[in-house]
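1. Structural data only, the sequence is not supplied:
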């Protein structure tokens, strides 16, 4: 059994790496072929052609594309993603700064969507076609079909500008800026570590709305999937038998349904998490959130290709990694897989 | 969950209805000024490199120049206490001042800064290069006489008065040569370091710049004219106009720029807020590629000039952003000529097209940056030109795509924008009236007219003549002549609307005077308790 899973593990890992390489190639080529002009962005619209050419050479953009690609791969092998046009910093250090902001937002969002979406899906399935079920379906449908952008603005209008319940755009109120030294980059964690509880509450007030809004779309998906997984289990003979024996609905869920849908749920949650990291783009723009989505949007605007390629690879990598982990979890936890191996 | 969703929707309705009531709460601290804007175009805070408007606004507070200009165009002393003009040049006497580092400001720093500008030779250098200063002659023309005296000789292409105007721009900011040189690597004049740090003598110093997040400026307590009133200035990146509006209403920011016309309109006559419509002296322009077989014909260009509904667009689209004007000089400038009689006249336009031999019309592409208000402007032009038989296909892109196409002469029609570097005819018109070499080989992509392949030797010569005319009255006559000639030639770079930068201020803010070249200084800005 062990050998089998190691081989399987290796195969999936190889698959991950190949996918990543293909993603890299495609992004790189698209990046270089696009008619954007990072050189003009740096030296300015009215620059002299000689200054323009000098900067182009300095960025290595005068080389044939295959050479640029090999140079890029070479840099990558040494952990160098190149320099960002936008900031003049190594892209890796920019990403190290932007990523925690997105990570913090997406993680909170996935926690919220799990803790709301899963129970809601279970209850909806259990009381199929009841009022609760119908409401859950409407909520899920709305979450799935209305753009995050709109929710963001409406959320701000109501809870920030109107009711004054939450903080505004940005990670923190401006006058707190610069008071917490980044350690993990996660403001909620850093402020607690440094004993700045006031800043912690302020940061929490700022993150809660974007996190809830981001969570809502993911939650819609999680609710729908949980509901359908649960319904499938509820129609199984063993559940019917259990209920006939007088096990309470809650007991049925807890002892029979949940363990059986756990693996499927892990997959769904992993996919949602990846989607949240990736889909934070729009939320970040609405909420002026200085994360990877906003970083990449701006990079795209000026044709900052090193930043775009690196950002795409990081997001792609995380997405694939989460899928990979979900697959592994499947293999490890699924009773049927264990049975088969035995 | 049900509660949440219901709450959201009921809340949305109630919220939308009750939100009209303004909230009067002072969220920003009294001693900090918070500005909301888009920082997306800010790529550098090195004064000898950056030219983008927002960057200029920030840098003008980090650095001083020899001289400054007021919003209405007067020249004032800044680092120079006084200056003497003679036939050959200008001699400046510096006042006693220190950089934020504590180093004294000397004439050496002035020479270093101007040499740095011309030797780095990026877009920022264009303003001095256009009148004959370059990396080869700068050391000959700009000299330190002693520690407190700087001599700048005139090139043979500029008068003293017009040189003074060029010395008010942020590109000529005086940087701390000792500090900057200590950060130089690979002969980059400290550029890599200077992009994200400051080394100036201005009223503020750069505390932090996180691209696309925020810029924090700290007051320079030792500033030569006394410490600024504000302890900090925070410029926050808020790319979404509606969100920026909410932040201003809530009091989380004190000043909002980069608002869309509709968000701006909500502050019209609203208590607690004031709108400033800052003129830029620049224009929204329709560039036509004279290399195109249709657009090479002046009759076709004239037909297009008669094929656009300027007044209608001004009313429905430009609003606070622009005012209809087809001469590249704002009409309130001295020596500005009245507008030519170009207005939407479909019959006349069609007749011109048929005289040009294109009775059945033709197709053109129109490239534009996907940005307010240019997108709507493009659509309006498309609709308008369709009436005279010119089919326009709009191609949107981001800034770098569209500018790259413009530089490469790869377009039929394109909508760029300009700004003036000084409040007079030359300052706003120069970009439209000078193209020394129109050949493709000249590759003069930094020249606005060259990009349209519009060959104007006489106008170019006249522009150079104006720049060299020391007598103000005679210069004024040339200014008038230049504008008339521009109109007669049926411009391939057709100004459409004079450009304004509207901003909204909370009435807590006092002493903020928007500068037409975005050289707005903040040292005298104060905040008062809300009434």
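-> Looks like it arrived, so ask away. The structure presented is a predicted model; accordingly, all values stated were derived computationally and were not measured.
2. In the chain, which residue is most central in space?
-> Defaulting to chain A. The C-alpha lying nearest the average C-alpha coordinate of chain A belongs to residue A:277 (C-alpha atoms, centre = their mean; 1.4 Å).
3. I was thinking of chain B, sorry if that wasn't clear
-> Using C-alpha atoms, centre = their mean, the most central residue of chain B is residue B:419, at 4.2 Å.
4. Wait, a helix at that one?
-> No. The assignment for residue B:419 (DSSP: H, G, I helix; E, B strand; the rest coil) gives coil, which keeps it out of a helix.
5. Tell me the buried residues in stretch A:256-268?
-> For stretch A:256-268, burial by neighbour count (16 or more other C-beta atoms under 10 Å in any protein chain shown) applies to A:256-258, A:260-261, A:263-268. Every residue, glycine included, has its C-beta placed from N, CA and C.
6. repeat for stretch A:149-156
-> Taking 16+ other C-beta under 10 Å as the criterion, stretch A:149-156 shows A:151-156 as buried.
7. next one: stretch B:170-186
-> Result for stretch B:170-186 [16+ other C-beta under 10 Å]: buried residues B:170-180.
8. Stretch A:68-78 now?
-> In stretch A:68-78, counting by 16+ other C-beta under 10 Å, buried: A:68-69, A:72.
9. Contacts for it, please.
-> A:25, A:28, A:32, A:60-61, A:63, A:81-82, A:309 (C-beta atoms under 8 Å, 6 or more residues apart in numbering or on different chains).
10. Ok, stretch B:49-57 next?
-> With C-beta under 8 Å, 6+ apart, stretch B:49-57 has contacts from A:43-46, B:37-39, B:41-45, B:59, B:120, B:122-124, B:169-171, B:191, B:194-195, B:235, B:419, B:501, B:517-520.
11. redo that, cut-off 6 Å
-> Identification of contacts with stretch B:49-57 by C-beta atoms under 6 Å, 6 or more residues apart in numbering or on different chains yields A:44, B:41-42, B:44, B:122-124, B:170, B:518, B:520.
12. out of those, which one sits closest to residue B:388?
-> Taking C-beta to C-beta as the measure, residue B:388 sits nearest to residue B:41 out of the contacts of stretch B:49-57, at 35.2 Å.
13. Give me the phi and psi for that closest one.
-> Per-residue torsions, residue B:41: phi -90, psi 0 (degrees, to the nearest 10).
14. re the thing from before, let's see which of the buried residues of stretch A:68-78 end up in helices.
-> A:68-69, A:72 (DSSP state H).
15. Would you mark the buried spots in stretch B:145-153?
-> Under 16+ other C-beta under 10 Å, the buried positions of stretch B:145-153 are B:148-153.
16. JSON lines for these, including pLDDT and secondary structure?
-> Formatted as JSON lines, the buried residues of stretch B:145-153 follow (pLDDT from 0 to 100; DSSP: H, G, I helix; E, B strand; the rest coil):
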{"residue": "B:148", "pLDDT": "95", "secondary structure": "coil"}
{"residue": "B:149", "pLDDT": "96", "secondary structure": "strand"}
{"residue": "B:150", "pLDDT": "96", "secondary structure": "strand"}
{"residue": "B:151", "pLDDT": "96", "secondary structure": "strand"}
{"residue": "B:152", "pLDDT": "96", "secondary structure": "strand"}
{"residue": "B:153", "pLDDT": "95", "secondary structure": "strand"}
